[in-house]
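Undergrad: Here is a sequence together with a model predicted from it:
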Amino acid sequence: MKILARLAVTAGLAAALAGPAAAAELPAAITARGTLIAAIVPNYPPLDLKDPATNELTGFDVELGAAIAAKLGLRIQWQETSFEQMVSAVGTGRVDVVISGMSDLPSRRGTVSFVDYLRSGPQFFVRAARAAEFPDMASLCGKTVGASRRTSYPREIARWSEETCTAAGRPPVNFVGTEGSADARTQLRQGRIDAAMQGNETLPYIMGLEPNTYHPVGQPIATQLMGVAVAKDATGLQQAIAEALTALMADGTYRRLLDKWKLSANAIERVTINAGE
């Protein structure tokens, strides 16, 4: 009888995950309008981009966001914005969530909480034509490295430089802040910087678009988590999204989307909230 009861509970959980997830916990305003409004900045392929043929939003985040909304019995409504405005847009209620490759960082949790869905790692890379000059990561000491100033990368690079370069008596990395990863790649191609950094989840896609252009150096210097940003006090919505993501893992949707966008190496094993460091 205990085995049958356990099977019944398991079956009930599976059935709950298969349908709309935690709809009772959604804020009344979201349920009434029938849409989940999500902020996005479509400049971070393969997570967030626009199809060059149709100018439509596409990418892993776009498809995952639509799948999350469907699990909640909602439709997704995207609102394009700037990176600087995303967190404040959640805080002021202009959007419900951010689903746009945003790192779960403690410094951002004054306004939002994060439902984590992807693993990331800051990765150095150089122009392929200069790959022989950078046989290892230590060869970056004393070089000029560019990365988006709006991310945690400036801090990560400074820490790495202190531990790897300065501590060994080598010259430190000369950091150059850029307006984003695309700007960093432009400066790299133009020879204005020696190396660049962006998330290792994006490099395979970028290298596929621009073959024989870039070359990774070493391994990611840290491990980070990306999350769906939700208002800090919207605990019901946080839990509903976490349950929807768990359901997408259980039914195979999460894995299929990872495979489609060549992000399988960045999968997480279980959904967490505010687990980034």
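TA: Nice, I can see it.
Undergrad: Could you pull up the residues touching the residue nearest the centre of the chain?
TA: Against the mean C-alpha coordinate of the chain, by Cα atoms, centre = their mean, the closest residue is Gly101 at 2.9 Å. Contact analysis of Gly101 by Cβ atoms under 8 Å, 6 or more residues apart in numbering lists 44, 47-48, 61, 118, 199, 226. Just so you know, the C-beta spots here come from the backbone N, C-alpha and C atoms, and that holds for glycine as well.
Undergrad: For these, give me CSV that also has pLDDT.
TA: CSV is the format used below for the contacts of Gly101 (pLDDT from 0 to 100):
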residue, pLDDT
Tyr44, 89
Leu47, 96
Asp48, 95
Asp61, 98
Leu118, 97
Gly199, 89
Met226, 96
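Undergrad: and those residues, which of them are in helices?
TA: When the contacts of Gly101 are checked against helices (DSSP state H), the matches are Asp61.
Undergrad: ok, of the contacts of Gly101, which come out buried?
TA: Among the contacts of Gly101, the ones that count as buried by 16 or more other Cβ atoms under 10 Å are 44, 47-48, 61, 118, 199, 226.
Undergrad: can you give me the helices in the chain?
TA: For the chain, the helices defined by DSSP H occupy 2-18, 28-33, 60-71, 83-91, 153-164, 181-189, 203-209, 235-250, 253-260.
Undergrad: Which one, of these, ends up nearest to Pro172?
TA: helix 153-164 (4.6 Å; Cβ to Cβ).
Undergrad: In terms of secondary structure, what does that closest one contact?
TA: Identification of packing neighbours for helix 153-164 by 3 or more Cβ pairs under 8 Å, 6 or more residues apart in numbering; DSSP states H and E yields strand 122-127, strand 144-148, strand 174-178, strand 195-199.
Undergrad: mind running it again at 7 Å?
TA: In terms of contacts (3 or more Cβ pairs under 7 Å, 6 or more residues apart in numbering; DSSP states H and E), helix 153-164 is packed against strand 144-148, strand 174-178.
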